[in-house]
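Peer 1: sequence? don't have it. structure:
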């Protein structure tokens, strides 16, 4: 799956995409979980989640009732990199839990180690922008992919972003569908 992910990124032919791929390879992006407990909380969960969001977003763009004039390369960038902020974000810790025999043992679990506290969507936009230029549609879709899980004070802003860039709403929906329909 990692090879397919990289192949998709390379196919965008974006200037300095190799620099971004090199960065990803130096992080735990391809081994990291997608979250600590909400979805994909297992090794390589983030990779699986990103690929599933790409698959869903492609279908949503094809079948949406309005014309979404967004290039295929943008769909790849948005879906595959929307959660790049989770690279080097989780760490493994241990806690005591009873096993199936009722015996206490140390078991691993994921915890957050946020060394760059810059939000979520905005952090992903910032990280990607250090390597490649993003279109406005890509910036908005990645920034607002968390939708109404953002603080309620931002709801009007989110609504405006979704009206201006419908791909942002579709990205949010694809993210939710990957999370709740497929648990990744």
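Peer 2: Received the coordinates, thanks. On a predicted model such as this, the values are computed, not experimentally measured, just so you know.
Peer 1: Could you use CA atoms for every contact and neighbour count after this?
Peer 2: Noted.
Peer 1: Centre of the chain to stretch 125-137, how far?
Peer 2: Its chain's C-alpha centre and that of stretch 125-137 lie 14 Å apart, by C-alpha atoms, centre = their mean, to the nearest Å.
Peer 1: quick one: buried residues of it?
Peer 2: For stretch 125-137, the neighbour count (16 or more other C-alpha atoms under 10 Å) marks 125, 126, 127, 128, 131, 132, 134, 137 as buried.
Peer 1: just checking, residue 92 is part of a strand?
Peer 2: Yes: residue state for residue 92 (DSSP: H, G, I helix; E, B strand; the rest coil) corresponds to a strand.
Peer 1: what's the closest non-adjacent residue to it?
Peer 2: Distances taken as C-alpha to C-alpha, 6 or more residues apart in numbering put residue 110 closest to residue 92, at 4.7 Å, once the chain neighbours are dropped.
Peer 1: Any idea how many residues pack against that neighbour?
Peer 2: Around residue 110 there are 19 other residues, counting by other C-alpha atoms under 10 Å.
Peer 1: What are the buried residues along the host helix or strand of it?
Peer 2: Element membership of residue 110, judged by DSSP states H and E, is strand 104-112. Neighbour-count burial for strand 104-112, with 16+ other C-alpha under 10 Å as criterion, is recorded at residue 110.
Peer 1: Quick one: mean pLDDT for it?
Peer 2: Here strand 104-112 scores 89 as its mean pLDDT.
Peer 1: Please enumerate the strands of the chain.
Peer 2: Listed in chain order, the strands of the chain (DSSP state E) span 90-98, 104-112.
Peer 1: export the ones you listed to JSON lines and tack on distance to residue 62?
Peer 2: Formatted as JSON lines, those follow (distance: least, C-alpha to C-alpha, whole Å):
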{"stretch": "strand 90-98", "distance to residue 62": "34"}
{"stretch": "strand 104-112", "distance to residue 62": "36"}
